[in-house]
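[1] after the sequence you'll find the predicted model.
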Amino acid sequence: MATIDLAPGDVIADIPAVKHAAIDSMSAYQSLVDEADRDHEAFWARLARDHLTWHRPFSRVLDETNAPFYRWFDDGLLNASYNCLDRNLVNGNADKTAIIFESDDGLVTTVTYRALYHRVCRVANALRNLGVGKGDRVVIYLPMSIEGVVAMQACARIGAPHSVVFGGFSAKALHERMVDVGACAVITADEQVRGGKTLPLKSIVDEALSFGGTDGVRSVIVYRRTGGDVAWNAQRDLWLDEIERAAPDTCEPEWVDAEHPLFILYTSGSTGTPKGVQHSTAGYLLWASLTMRWTFDIKPDDIYWCTADIGWITGHSYICYGPCAVGATQVIFEGVPTYPNAARFWDMIQRHEVSIFYTAPTAIRSLMKCADTEDAVHPCNFDLTSLRLLGTVGEPINPSAWKWFATEVGHNRCPVLDTFWQTETGGHMIAPLPGAAPLVPGSCTLPLPGIAAAIVDESGHDVPSGQSGVLVIKRPWPSMLRTVWRNPERFRKGYFPEELGGKLYLAGDGAIRDARTGYFTITGRVDDVLNVSGHRMGTMEIESALTANPLVAEAAVVGKPDETIGEAIVAFVVLKDVMPKTSADAKAIANELRAWVGREIGPIAKPREIRFGEHMPKTRSGKVVRRLLRSIAKGEAILQDLSTVENPGVLKQFSHPA
Ligand code: WT7
């Protein structure tokens, strides 16, 4: 790899590298990269021995015989919850605060590692009592809470893979996931509270179970969050606090193979229904904890705060598993960044003396806007001197948001770490190391040691620096997804496509490398996956939801670049009936369809704009001309050649939203 030789102006020179970091210089970084290049397996074996506690050590490192179904450390035995909890009881962290929980309305509860351990043991015992065993899947549909972490760790303790479903998904979406994963139990709450509003989670679970096909679900465990009224099925429903109290507070962990599935997390693809991304125990946990040290340079005194939800991979790797595996103290927040006002994050950083703050570009952009219009919520009103590192994740961060974050929040003292990764990668792939890499706004900089990231063309050949192409990972790494749950062909075809030779992991993003520095910039998805406020949505999922409505004949969904949320959802709809006659009619139908999508998938999938036309613009061979639709959504003048479009007259009808 080229040495880093940045021109003046490239480097944010006034943000100094962090001192005494785990990787404290470019040469320290380079020597790890070289170690991995020299002997990939020995490199990973060394790290897996140093960073994980094994019940039985592994002797095999990487098994490629059934590639791309790679296996790592596969004759080793361990338990993820043991590594996250028990380990902290013997290394001096027992009385250390594990979690500082702040509720939506500002109530703070803390729990030590010892207390967390006992809670997890009790819930693990209770699950076992209910007949949940190794390999059984448990769906978790919980708000941000200590209980969320307890539930996930309890599943891990007994070897029951969890499948967490984001609390913003609808009953339909929850049902689809419960059926696909074959759940035997669900852990939920009576209600969820966010931004002063409650959402009845338990009744959504009841509704999802009423759709049928979920006979395997024998128990629904309910965390009493608000004490609100819930319907009760005495044969099936149990209060979490009651079963917890009745269970013993220690629990022998289930020692599982390194490859035992720790969890299945659903994410959107460009086609079909959401896919259950399956992660392993050892490889996944290794990378979640190692990147806590490498990227976040976690130290014993840090107060770490990741604002993600446990319903997404970020909440798995960087709330539930990574921080606990390294014995960190972390803040968990129930609410939203704008309640009671848009200074909530800054206020919490000040009160909890947060030193490492990890959030999403969307949140930064919206808080930046709020701070521009209302002085009182500007971060300058708060003492943020506790901060030493800032991180972002989920979508590209534009240089102006990056600079605002660096200057107004980090006072140009804190490196801003733009971390690129995915549900499938388990942890960070390309990210700056705070003690080493000079930072460039808008670039996630360099791959972490051991991660063979590259940019190739459509046939899998490397493209020269300075040219864009698709991002691939050339060698397997321990925290990669193992398969798509119950769909190995979808895994193989989707992530190791034949067109690229069948050996490269295809991320699905476009990227470009700077010719001089080798730095990566991610240019966004190259498939039909949208990124809406950092939430991943498949266009086809939204199209299927729309066409399931009796009014709709055809639908096509595209993303429209948006300054704040990244991409806004724009739906082109052909109704079965005639076109809406008045604009009031069109608006009424659009609202009805929006609410429909909210029920089919969840509020995050509601199209911002719905546009009606009499026909879908298609090529003569019947393909929807998406590229054209994207231009129309952006309001661009149509410069494309329309000679291949069957019915170009319809484009005018689609030119404005209802
Ligand atoms: C997609 C993965 C990684 C956890 C949260 C999202 C986009 C993610 C970045 C970044 C540019 C990014 C990509 C990726 N993405 N981080 N730092 N810069 N794009 O996980 O839901 O699996 O989404 O998010 O498009 O493929 P996910």
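    That came in fine, so what should we check first? Residues are numbered from 1 along each chain as shown.

[2] need the residues of the stretch 251-400 of the chain near the ligand, please.
    Residues of the stretch 251-400 of the chain lying close to the ligand by Cβ under 6 Å from any ligand atom are Thr267, Trp312, Ile313, Thr314, Val393, Gly394, Glu395, Pro396. (Glycine included, C-beta is placed from N, CA and C.)

[3] roughly how far apart are the closest residue to Leu77 other than its chain neighbours and Ala282?
    The shortest distance from Leu77 to any non-neighbouring residue, by Cβ to Cβ, 6 or more residues apart in numbering, is to Arg56 (4.0 Å). Noted for Arg56: a distance of 11 Å to Ala282, by Cβ to Cβ, to the nearest Å.

[4] report the rounded mean pLDDT for stretch 522-539.
    Computed over stretch 522-539, the mean pLDDT rounds to 93.

[5] circling back to that earlier point, joint contacts of Arg56 and Ala282?
    Gly76, Leu78 (Cβ atoms under 8 Å, 6 or more residues apart in numbering).

[6] and those two? Which one has more around it.
    Between Arg56 and Ala282, counted using other Cβ atoms under 10 Å, Ala282 has the larger neighbour count: 27 against 12.

[7] not counting sequence-adjacent ones, nearest residue to that one?
    Nearest residue to Ala282, sequence neighbours excluded (Cβ to Cβ, 6+ apart): Ala258, at 3.5 Å.

[8] ok now stretch 143-163, how far from the chain's centre?
    Chain-centre distance of stretch 143-163: 17 Å, with Cα atoms, centre = their mean, to the nearest Å.

[9] where does the closest residue to Gly602 other than its chain neighbours fall, secondary structure wise?
    Of all residues not flanking Gly602 in the chain, Phe169 sits nearest, at 4.3 Å (Cβ to Cβ, 6+ apart). Secondary structure from DSSP states H and E places Phe169 outside every helix and strand.

[10] which residues does Phe169 contact?
    With Cβ under 8 Å, 6+ apart, Phe169 has these contacts: Arg177, Gly311, Ile601, Gly602.

[11] what residues of stretch 61-76 count as buried?
    Under the neighbour-count criterion of 16 or more other Cβ atoms under 10 Å, stretch 61-76 has Val61, Leu62, Asp63, Pro68, Phe69, Tyr70, Arg71, Trp72, Phe73, Asp74, Gly76 buried.

[12] around Asp462, how many other residues sit close by?
    Asp462 has 13 nearby residues by other Cβ under 10 Å.

[13] list the contacts of Glu176.
    Contacts for Glu176 (Cβ under 8 Å, 6+ apart) come out as Thr273, Pro274.

[14] that one should be in a helix, yeah?
    Yes: judged by DSSP: H, G, I helix; E, B strand; the rest coil, Glu176 forms part of a helix.

[15] residue of the stretch 301-450 of the chain nearest the ligand, please.
    The nearest approach of the stretch 301-450 of the chain to the ligand comes at Thr423, 3.3 Å away (Cβ to the nearest ligand atom).

[16] how confident was the prediction at that residue?
    pLDDT recorded at Thr423 is 98.

[17] what of the one 10 residues further on?
    For Leu433, the pLDDT comes out at 96.

[18] distance-wise, check the residue nearest to Ala282 relative to His118.
    Separation of Ala258 from His118 (Cβ to Cβ): 27 Å.

[19] more crowded one of those two?
    Just comparing Ala258 and His118: by other Cβ under 10 Å the higher neighbour count belongs to Ala258, 26 against 20.

[20] so who does that one touch?
    Neighbour list for Ala258: 58, 71-78, 280-283 [criterion: Cβ under 8 Å, 6+ apart].

[21] next: Trp305.
    Gln330, Val331, Phe333, Met348, Ile349, His352, Val354, Ile356, Phe357, Tyr358.

[22] just how off-centre is the particular helix or strand that has the fourth one in it within its chain?
    Going back to what we said before, that points to Met348. Of the helices and strands defined by DSSP H and E, Met348 is found in helix 344-352. Chain-centre distance of helix 344-352: 23 Å, with Cα atoms, centre = their mean.

[23] need the CA coordinates for that helix. CSV is fine.
    Output of helix 344-352 as CSV, limited to C-alpha atoms (Å, rounded to 0.1, in the frame of the first residue of the first chain):
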residue,chain,number,x,y,z
ARG,A,344,-30.8,16.4,23.9
PHE,A,345,-27.6,14.8,22.6
TRP,A,346,-25.4,17.7,23.7
ASP,A,347,-27.1,17.8,27.1
MET,A,348,-26.6,14.1,27.6
ILE,A,349,-22.9,14.3,26.5
GLN,A,350,-22.4,17.0,29.1
ARG,A,351,-24.2,15.3,31.9
HIS,A,352,-22.8,11.8,31.4
